[in-house]
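# Starting from these lines, generate the structure:
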Amino acid sequence: MLEYRHTGIRFGIQTYRNTVIQEIRSWHRGIQNAGLPTSECLNACITVFQFSNCIFEGHMRFIWIVFLLVCVNCCFAQYDPATIRSDFATTKQRDGLKKMLYQRTIGNTFTQDLDSNTEYQYQSAFWAVSQFMVYNDTVKQGFSKLLAAYGDALAIETRRSFLEAIYTVHPPFFLGEMKRISNIETQPKLWAMIQLWLLKAEPARAAQIRNTIHQYALSYPGNPIMAALEEYVEPSQANRPPLQELFSYQQTHGMKVIYSFQNANRDLPGIAVIQQADGSFARDEKGKLIMIPQLARAASNLPYFLTNGNTPQGIYTISGTGVSNNNFIGPTPNLQLALPNETYWSQFFHSPTDTSDILDAYKSLLPASWENYRPMQESFRAGKIGR
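Just a heads-up that it's a prediction; the model follows:
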């Protein structure tokens, strides 16, 4: 997931900061009381979106819209959720989509032989498997055909889309074949995906797989994916720095910030809260902290450093707002975000910044206690990798 911190958050009173944290923890306990597993809820992921010169609008009854209407240099009228409608979401359209996916995109494709004429169709079918988590006999047949032909003769994107799909639905039936292709795959990103599948399939062999990863990484010094993979399979035991220090670090620029708190288990929902430029937090008309439910899970549930993986922790910049034209999302308002390395640095920082050492410039957005907290650098590494 992401974590963004801006420069400067003036918070004023220590007890007020503690109150906000207690309200967030109260939300956390509410999930626990509902019987959902929430181990390490706040220790897992924190996302802070930074932006400047923003105007906040919204009310409690539009709690999810509050998050979407915060933007850079913009002021928007209230957006009525009742106006958000898409024919694509009707029962008729959904049934039609399901029929197309099962019969044409997946069914017709996987009954064909895999060759240069059908390889692109296989990529599309694997995308459908990943996004809609489809696994049946037809998908099993498609996986078998791909594994039988696995090698450099297949395009990298074909192999990557297959590995994403098989990781998403994760049938243990293919353990032997996945071990076999682990020995012939030479592309670091794809090899990493295979190791992650094996780690998921055989947790009892975690130590052995970690050692295999370490030995492989030695052949790719400086490779950002290998470095991220090693860190992922053997994470640091460093404690998360105090949230109070993060909240109180807005004195330099006094920008509005959106913090997104996510569970390490991305199957569980997280929340977003908005901190005003003066350090106070957005509240409803009754004085209750506005906490916006969020999901930050990719369909694949792959780690943050891989294509279509989960949202990285760290800092993002907001450049504006938009309305989605993706039928699978619907015509909903959204914030336009950018990772570090995805946009010009002047746009990322929203102000003149010394970028001679860009990682130091990135870390300067954080209080001293957070600067070297590695999870907060995931967005920086993901942007550098390009995912």
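
# any idea how far D95 lies from E234?
46 Å (C-beta to C-beta, to the nearest Å). Just so you know, the C-beta spots here come from the backbone N, C-alpha and C atoms, and that holds for glycine as well.

# List the residues that contact A165.
126-127, 129-130, 139, 143 (C-beta atoms under 8 Å, 6 or more residues apart in numbering).

# Buried residues in the host helix or strand of it, which are they?
For A165, the element it lies in under DSSP states H and E is helix 156-169. Neighbour-count burial for helix 156-169 flags 158-169 (criterion: 16 or more other C-beta atoms under 10 Å).

# now swap in stretch 133-145 and tell me
Buried residues in stretch 133-145 (16+ other C-beta under 10 Å): 134, 138-139, 142-143, 145.

# Out of those residues, which sit inside helices?
Members of the buried residues of stretch 133-145 lying in helices (criterion: DSSP state H): 138-139, 142-143, 145.

# From the chain's centroid, how far away is stretch 290-309?
Centroid separation for stretch 290-309 versus its chain: 3 Å, with C-alpha atoms, centre = their mean, to the nearest Å.

# I should have written stretch 286-301 there, sorry.
That offset, for stretch 286-301, works out to 13 Å (C-alpha atoms, centre = their mean).

# Columns distance to D267 and pLDDT on top of the ones in helices among the buried residues of stretch 133-145, output as CSV?
Shown next, in CSV, are those (distance: C-beta to C-beta, whole Å; pLDDT from 0 to 100):
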residue, distance to D267, pLDDT
T138, 26, 96
V139, 22, 97
G142, 26, 98
F143, 24, 98
K145, 31, 98
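
# nearest to A277, of those residues?
Nearest to A277, judged by C-beta to C-beta, of those is V139 at 50.5 Å.

# Could I get the contacting residues of that closest one?
For V139, the contacting residues are 106, 110, 129, 165, 169, by C-beta under 8 Å, 6+ apart.

# Worst mean pLDDT across the helices and strands of this structure, which element?
When the helices and strands of the chain are scored by mean pLDDT, DSSP states H and E, helix 63-69 comes last with a mean of 24.

# Show me what secondary structure element comes after that one.
Helix 63-69 is succeeded, C-terminally, by helix 91-99 (DSSP H and E).

# Phi, psi for the residue nearest to I106 when sequence neighbours are not counted please.
Spatial nearest neighbour of I106, chain neighbours left out: A125 (4.9 Å); criterion: C-beta to C-beta, 6 or more residues apart in numbering. The phi/psi pair for A125 (degrees, to the nearest 10) reads phi -70, psi -40.

# Ok, G320 next?
According to degrees, to the nearest 10, G320 has phi 160, psi -160.

# three-state assignment of the nearest residue to it once chain neighbours are set aside?
Distance criterion C-beta to C-beta, 6+ apart; nearest residue to G320, sequence neighbours excluded, is Q336 at 4.7 Å. Following DSSP: H, G, I helix; E, B strand; the rest coil, we place Q336 in the strand state.

# for stretch 263-274, which positions count as buried?
263, 266, 268, 270-274.

# same question, stretch 375-387
So stretch 375-387, judged by 16+ other C-beta under 10 Å, has buried residues 375-385, 387.

# Run through the stretch 151-300 of the chain and note the low-pLDDT ranges.
The stretch 151-300 of the chain contains residues with pLDDT under 70 at 251-253.

# would you list every one of the strands in it?
257-262, 270-275, 292-294 (DSSP state E, counting those that start in this stretch).

# Of all those, which one is nearest S86?
Using C-beta to C-beta, the strands of the stretch 151-300 of the chain put strand 292-294 closest to S86, at 20.7 Å.

# List the buried residues in the closest one.
For strand 292-294, by 16+ other C-beta under 10 Å, it's 292, 294.

# so what strands line up beside that strand?
Strand pairing for strand 292-294, determined by DSSP bridges: strand 270-275 (antiparallel).

# what's the angle from the partner strand to strand 257-262?
160 degrees (axes from the mean of the first three to the mean of the last three C-alpha atoms, to 10 degrees).

# Report the two of the contacts of V139 separated the most.
The span of the contacts of V139, defined through C-beta to C-beta, is set by F110 and V169 at 13.5 Å.

# Can you give me the neighbour number for the residue nearest to I106?
A125 has 28 neighbouring residues, counting by other C-beta atoms under 10 Å.

# Surely it touches T105?
Yes - the criterion here is C-beta atoms under 8 Å, and A125 meets it with T105 at 5.6 Å.

# The stretch 251-387 of the chain: helices as residue ranges?
Using DSSP state H, counting those that start in this stretch, the helices of the stretch 251-387 of the chain run over 345-349, 358-363, 378-385.

# Okay, buried residues for stretch 331-340 please.
332-333, 335, 337-340.

# Quick one: distance of it to the chain centre.
With C-alpha atoms, centre = their mean, you get 13 Å for stretch 331-340.

# Report the mean per-residue pLDDT for that stretch.
The pLDDT scores in stretch 331-340 average 88.

# Just the CA atoms of it, as CSV, please.
The C-alpha trace of stretch 331-340 is given here as CSV (Å, rounded to 0.1, in the frame of the first residue of the first chain):
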residue,chain,number,x,y,z
PRO,A,331,-17.8,6.7,-13.7
THR,A,332,-16.6,7.6,-10.3
PRO,A,333,-14.5,10.7,-9.3
ASN,A,334,-10.9,9.9,-8.4
LEU,A,335,-7.6,11.5,-7.4
GLN,A,336,-4.9,11.5,-10.0
LEU,A,337,-1.8,10.1,-8.2
ALA,A,338,1.8,9.7,-9.2
LEU,A,339,4.6,7.6,-7.7
PRO,A,340,8.1,9.1,-7.4
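
# The buried residues of stretch 375-387: which two are farthest apart?
M376 and R387 (17.7 Å).

# Point to the residue nearest the middle of this structure.
T311 (1.0 Å; C-alpha atoms, centre = their mean).
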